[in-house]
Structure formats: C-alpha cells, structure tokens
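1. Provided below are the primary sequence and the corresponding predicted coordinates.
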Amino acid sequence: MIPAGFAYHRPRTVQAALRLLRAYGDAAKVLAGGQSLLPMMKLRLLEPAHVVDIGRIASLRKIRVRDGWLIIGALATHWMIESSPAVRRAAPVLAETAGVIGDPQVRNLGTLGGALVHGDPAADYPAVMLALDAEFALDGPDGHRTVPAREFFRGIMTTAADPGELLTEVRLPVSGTRVGGAYHKMPNPASGFALAGAAAVVGLDETGRCAHVRVGVTGVGPAAYRATGVETALVGREPTDELIADAARLATDGIVANEDPHASAEYRLHLGRVMTRRALAAAVERARGRARGGR
Ligand SMILES: Cc1cc2nc3c(=O)[nH]c(=O)nc-3n(C[C@H](O)[C@H](O)[C@H](O)COP(=O)(O)OP(=O)(O)OC[C@H]3O[C@@H](n4cnc5c(N)ncnc54)[C@H](O)[C@@H]3O)c2cc1C
C-alpha cells in the first residue's frame, strides 16, 4: 500500500523540530526509524499531513555515561544499543534486549525513542526500562520535563509523551556491584514481538539476600507494568529456586490480559508468570556471579 500524501520536513535541531510540531499540531507526526510509523501510514491507519523526520538531529544519537547515569539519545538504534560497549558495561540487560528485537533490518533502523513512544503493548524495551528504573527526558512547547518509566506506559499505544513533545533521551542508573539483570520473552514467531516478556533486575546484599528487586512485564496487559507483588515477596530474603517460583506466581495478579489471534488471555497470563520466573532466576545467577567477581 502507498501512504496518503504528506509534506516532508527534515529539521537539524531539536528546537527546529519543536517549532514544526507546534506549527502543525495534530496534523504532524514525528518520524524516527519509520519501522512502526511507516507501516501504519501504508495501511492508512495514520494519514499525517506533515511528517517531521528527526533522523538528522545528530545530538539525539549519542550514548554516554555521566555521573553514574547511562544516557542514551532517543535516536540510538537497536543495533547501536546492542553493540555499544558503554551499554554492555552499564546496563548489560538492555544491550541483550536490543539484540532480540525483530530482525537485523528492524534493529538497524528502529530507534529506542520510537519504540518507547509508539507504546506497543508487546514491545520489549518497556519491561527492561521498568526493571532498570529509567527516566525519560521530554522536550515540548511548555519546556523540559522528566518522566519515570513507571509513569510512562499508560495503555495500548498510549504513553505519557504528548503529541507536541519529543523524547530526547533515556537515562538509566549504571548497574552496581552484586546486581544482575535478565530479560526473557516468548516471541511471536513471525515478528519477534513478545507474546509475554519479563525483565528482572536483582541486587543482593553481603549475605546473599535480595536488597532490591524490580520486575517489568510486557505483552500481557494493555501496557507494560511493574510486578510489585513479586518484588515485595523477594526483598530481604534469600532468593532460592522455590522462593523465586512462588514469587513469580504473583506476576500477573490483578492484570486483565490482552486477547488476540496470537494468544488467548489465559495463555498470556501463564507466559507472564513463566517469563518472570526465568528472568528472576537468571538475574539472581548473574548477581551472584558479579558478587563472586567482586564487581
Ligand atoms: C517486522 C518488525 C518486527 C518488529 N519486532 C519487534 C520486536 O520483536 N520487539 C519490539 O519491541 N519491537 C519490534 N518492532 C518494532 C520496532 O522496534 C520499531 O523500531 C519501533 O517500534 C519503532 O521505532 P522507530 O524508530 O522505527 O519509530 P517510528 O516508526 O519512526 O515512530 C514510531 C512512533 O513514535 C513516534 N516517535 C518516534 N520517535 C520519537 C521521539 N523521539 N519523540 C517523540 N515521538 C517519537 C512517531 O511519531 C511514531 O508515532 C518490530 C517492527 C517490525 C517492522
């Protein structure tokens, strides 16, 4: 299918992009990697009169570490994140997750910012962003604001980013000593999207008990969420296999699951619990490994 006609704009700075978004309002759409927007335009689910291509704004492509934070520009592609030494050191679970998104073409073009703002309930990054306690920097007509990951994912294709706003960067605390993270998903065999996926980040204290635990679940409900019941069941306790299995059973409590031709609600709930158990077990194993290595 061929999209409806539109005016194409290619700003070189964030300020110029924001001016265009302000000028054209609801008639404008931001274009980043185009891996989600262009299919929707081709299917005529979206017909923006103005497309604002931010792909040439070099400042949005940077990945750096500063003052204990890993800072990733919204235009960093999945491949850049997967292969970045800084990401692999500071947030290895994020690099791993980028590497299981879609296929090589999608990973070469798709961006972190596009994947997050798009708000697909089956996307991989949201679970990891929640588990890593990320913050999102947004620039818009009313200035700059920062939104924590736990307030960002609101519903199907709905996030805290307003239409006139640009997501400029994502900030993540650099992984500490005795901390391990893992992401597990059951992929849709055609697209790679998560039928259900879970990310876990576990920090151990000197006695081997859980000092902190964060679990993000994607694909199950209308938006990714923190499985706080699981976290509470583990904090302060030694994460044995039995305790992890018991805690993971709480991962879908209170969640109304999505149901579509790919998976029933019941199957998604089951997968959400299984992926949580696997992610927790792997995260704990990695945290123990880092504790043994003194890092
Ligand atoms: C075949 C295929 C398989 C895929 N498999 C997976 C998968 O396994 N897991 C997964 O998580 N995803 C998957 N995806 C989605 C992929 O990750 C996309 O890259 C991502 O959803 C969109 O990123 P993008 O940069 O292409 O954004 P675009 O398509 O350019 O934009 C997406 C939306 O975000 C908005 N937007 C983009 N950037 C910004 C910004 N900085 N600020 C504000 N708004 C912005 C756009 O206006 C648009 O509404 C797949 C996609 C395809 C085509």
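-> In hand now; what should we look at? Numbering: from 1, shown residues only.
2. Indicate each strand paired with the longest strand anywhere in the chain and its parallel or antiparallel sense.
-> For the chain, the strand that runs over the most residues, judged by DSSP state E, is strand 194-204. With DSSP bridges as the test, strand 194-204 is paired with strand 179-187 (antiparallel), strand 210-218 (antiparallel).
3. That strand and the ligand, any residue contact?
-> No - against the ligand, strand 194-204 shows no contacts by CB under 6 Å from any ligand atom, the least distance being 6.6 Å. (Each C-beta comes from the backbone N, C-alpha and C, glycine too.)
4. same deal with stretch 222-237?
-> No - counting by CB under 6 Å from any ligand atom, the ligand is not contacted by stretch 222-237; separation bottoms out at 10.4 Å.
5. now what about that stretch, what contacts it?
-> Under the contact criterion CB atoms under 8 Å, 6 or more residues apart in numbering, stretch 222-237 has outside partners 119, 121, 123, 126-127, 129-130, 150, 153-156, 158, 198, 202, 209-218, 243-244, 246-248, 250-253, 255-256, 258, 276, 280.
6. Now, of those, which are buried?
-> Restricting the contacts of stretch 222-237 to buried positions leaves 119, 121, 123, 126-127, 129-130, 150, 153, 198, 202, 210-218, 243-244, 247-248, 250-252, 255, 258, 276, 280, with burial counted as 16 or more other CB atoms under 10 Å.
7. Okay, buried residues for stretch 215-228 please.
-> Neighbour counts over stretch 215-228 (16+ other CB under 10 Å) mark 215-227 as buried.
8. actually stretch 275-287, not the one I typed
-> For stretch 275-287, a neighbour-count test (16+ other CB under 10 Å) marks 275-284, 286-287 as buried.
9. Same check on stretch 20-32?
-> 20-21, 24, 28-32.
10. of the residues you listed, list those near the ligand.
-> Restricting these to those near the ligand by CB under 6 Å from any ligand atom leaves 29-32.
11. what helices or strands is the longest helix along the chain leaning on?
-> Longest helix in the chain by number of residues, with DSSP state H as the criterion: helix 265-292. When contacts are defined as 3 or more CB pairs under 8 Å, 6 or more residues apart in numbering; DSSP states H and E, helix 265-292 packs onto strand 179-187, strand 194-204, strand 210-218, helix 228-234, helix 241-248.
12. so how far is the shortest one off the chain centroid?
-> If you compare the mean C-alpha spot of helix 228-234 with that of the full chain, they lie 21 Å apart, counting by CA atoms, centre = their mean, to the nearest Å.
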